[in-house]
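Asks: Give me coordinates for this.
(one chain, ligands or ions: 2)
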Amino acid sequence: MTDTGTEAEQQTYDVVVVGAGPVGENAADRTRSAGLSTVIVESELVGGECSYWACMPSKALLRPVLAQADARRLPGLAQQVTWPLEAGPVLARRDSFTSHWKDGGQVEWLDSVDVPLVRGHGRLDGPKTVAVTTPEGTVERLTARHAVVLATGSRAKLPPLPGIDEAKPWTSREATSAQQVPGRLAIVGGGVVAVEMATAWRGLGAHVTLLVRGEGLLDRLEPFAGELLAKQLAEHGVDIRPGTSVAEVSRPGGTGTVSLTLGDGSTLEADEVLFATGRAPRSEDLGLETVDLEPGAWLESDDSCRVPGTDWLYSVGDLNHRALLTHQGKYQARVAGTAIAARAKGETVDTAPWSPAQTTADHAAVPQVVFTDPEIAAVGLTLAEAEAAGHRVRAVDQEIGSVAGAALYADGYTGRARLIVDEDHGFLRGATFVGPGVSELLHSATIAIAGEVPLARLWHAVPSYPTISEVWLRLLEAYRDGS
Ligand SMILES: Cc1cc2nc3c(=O)[nH]c(=O)nc-3n(C[C@H](O)[C@H](O)[C@H](O)COP(=O)(O)OP(=O)(O)OC[C@H]3O[C@@H](n4cnc5c(N)ncnc54)[C@H](O)[C@@H]3O)c2cc1C
Ligand SMILES: NC(=O)c1ccc[n+]([C@@H]2O[C@H](COP(=O)([O-])OP(=O)(O)OC[C@H]3O[C@@H](n4cnc5c(N)ncnc54)[C@H](O)[C@@H]3O)[C@@H](O)[C@H]2O)c1
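Replies: Numbers count the residues shown, from 1 in each chain. Ligands and ions are numbered 1, 2, ... in the order given. Okay, here's the model as predicted:
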């Protein structure tokens, strides 16, 4: 036993899920609907990071900024657009999307699918057992007949810089829930959180400085994505400083102006600093040591989401570090639920790629949209990743602005699309679209990649005229013509 609380109750279920973020909720729903009794444990809010401090609030902040950027490109509307956005209504709408940081609606949903909730901090206490320390300090022991699913997610990772704790920097939590627009916001990082939050807070009127350690933005995507985004962010007034590291942070007492000492010895003053420097697993206090696993590390799982070396423990969502995205974690939860239900019936799980209890898409077809201006939508492998994986591929590029739908969408439309074609198999390995309004194009590419649709058949998938999707035709023509 690792707990200090009072021993209270012991209950047995078929499945115990720890963490009621989007991924844990989906896992519980799947196993429950397969007829397995399932309980879920949550230490904060049912709905997890995504609902309260990540996807939902960030997209609620970004949507008006992107609508405003679109409006600026349309005569008749452009003249009426003012900057910055009116902060009060934007923040109020964001607050309503987080249900004012209350989880009553999601608890009702758990009730409706017949999954009991145990509030408290869950820890493994040996195989198939979870000890929950409740807010009252009692300990509830939950035993699983078939499986324990860990879905405890991730938290913001801060670099160990001198002064950082005292300076009370923003993490993604504060950046998505702040009630006031800072006058000057410094953002450290060049990943997705950094560029989305730069877009959001710039749109709300903050003077944003983006301190990027590397040479470009979004370095895991096709290079042109970060390049087009950097150009546009700069046009919107964001001060981007590539090749800039932070050596020290200072804000005595955690109040007033924050001062950053940069790698070249210069200083930058700001009202707030956001560290958007990646994520760490929430696994350090999860009892992993009681089943010979390493606390504090990402908890790897196989393609059925089961932890290697066990026949009962599953790791889904951010915690397994396969793809830190809500939709991909929910996909893993559906797959894990299918695998758990099959194994509970004594069935063998088919390990062939693309079979029902295998997360093959984690390797081949992970989609992601970055909600900036321009939007960035990518799925599958980049050219560099495909080549590194040993595929014989060709990249086909097209300016999106050349299609009628894009010209109608915005005056001076700027955007670019790339397909990665597997020359040996005749299907797509990857696709990237960058430009205003491209996010809804992505699912067509996801279907083409996950379905391994032959290029010859894609010619028969006719895009409507005049939509931005016509870029698909231009890309196919470019591939045919060898350009
Ligand atoms: C600013 C930001 C914006 C994002 N935007 C998007 C987006 O637009 N689209 C997208 O797909 N992804 C987005 N993401 C990523 C997305 O938020 C995560 O991939 C997603 O939340 C992972 O879900 P999860 O259920 O695995 O973990 P989480 O959402 O982190 O949920 C884990 C839950 O487990 C609970 N928990 C942890 N430890 C314990 C314990 N010991 N006992 C009981 N409960 C515990 C936590 O309290 C939490 O409720 C964004 C991330 C950030 C930071
Ligand atoms: N729209 C979306 O789908 C969306 C939005 C936000 C976040 N997310 C997910 O959340 C995850 C986390 O995002 P993130 O932006 O925090 O992480 P990230 O890993 O995408 O980017 C981290 C950035 O911080 C930089 N960095 C790391 N350590 C640093 C240091 N010590 N000093 C300076 N720079 C440093 C890295 O070089 C990188 O540019 C992403 O993997 C993403 O999948 C998704």
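Asks: hey, let's count contacts and neighbours off CA atoms from now on
Replies: Fine.
Asks: Glu387 against Ala395, yeah?
Replies: No: taking contacts as Cα atoms under 8 Å, Glu387 lies outside contact range of Ala395: 10.5 Å.
Asks: Counting neighbours, go ahead and name the busier of those two.
Replies: Taking neighbours as other Cα atoms under 10 Å, Glu387 and Ala395 compare with Ala395 leading, 18 against 13.
Asks: can you pull the contacts of that one?
Replies: Leu383, Arg418, Leu419, Ile420, Val421 (Cα atoms under 8 Å, 6 or more residues apart in numbering).
Asks: now with 10 Å?
Replies: By Cα atoms under 10 Å, 6 or more residues apart in numbering, the residues touching Ala395 are 382-383, 418-422, 428-431, 475, 479, 483.
Asks: Make TSV from the residues you listed and add distance to Ile376, pLDDT and secondary structure to it.
Replies: Output for the contacts of Ala395, formatted as TSV (distance: Cα to Cα, whole Å; pLDDT from 0 to 100; DSSP: H, G, I helix; E, B strand; the rest coil):
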residue	distance to Ile376	pLDDT	secondary structure
Thr382	13	98	coil
Leu383	16	98	helix
Arg418	12	98	strand
Leu419	14	98	strand
Ile420	16	98	strand
Val421	19	98	strand
Asp422	22	98	strand
Leu428	18	98	strand
Arg429	17	98	strand
Gly430	14	98	strand
Ala431	11	99	strand
Leu475	17	98	helix
Tyr479	22	98	helix
Ser483	23	77	coil
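Asks: Just the buried ones among those, please.
Replies: Listed as buried from these are 382-383, 418-422, 428-431, 475, 479; burial here means 16 or more other Cα atoms under 10 Å.
Asks: Run through who's touching the host helix or strand of Leu210.
Replies: Element membership for Leu210, per DSSP states H and E: strand 207-211. Residues outside strand 207-211 that contact it (Cα under 10 Å, 6+ apart): 181-190, 194-195, 197-199, 201-202, 217, 233, 237-246, 262, 268, 270-275.
Asks: how about a cut-off of 6 Å?
Replies: Strand 207-211 is contacted by residues Arg184, Leu185, Ala186, Ile187, Val188, Val238, Asp239, Ile240, Arg241, Thr244 when judged by Cα atoms under 6 Å, 6 or more residues apart in numbering.
Asks: Confirm the third one sits in a helix?
Replies: No: when the secondary structure is assigned by DSSP: H, G, I helix; E, B strand; the rest coil, Ala186 falls in strand instead of a helix.
Asks: Check the burial of it by counting its neighbours.
Replies: Look at Ala186: counted by other Cα under 10 Å, it has 28 neighbours.
Asks: Is stretch 143-157 positioned near ligand 2?
Replies: No: Stretch 143-157 does not reach ligand 2 (Cα under 6 Å from any ligand atom); its nearest approach is 6.6 Å.
Asks: buried ones in that stretch?
Replies: 143-156.
Asks: still on that earlier bit, state the next helix or strand along the chain beyond the strand holding Leu210.
Replies: Where DSSP H and E defines the elements, the next helix or strand beyond strand 207-211 is helix 223-235.
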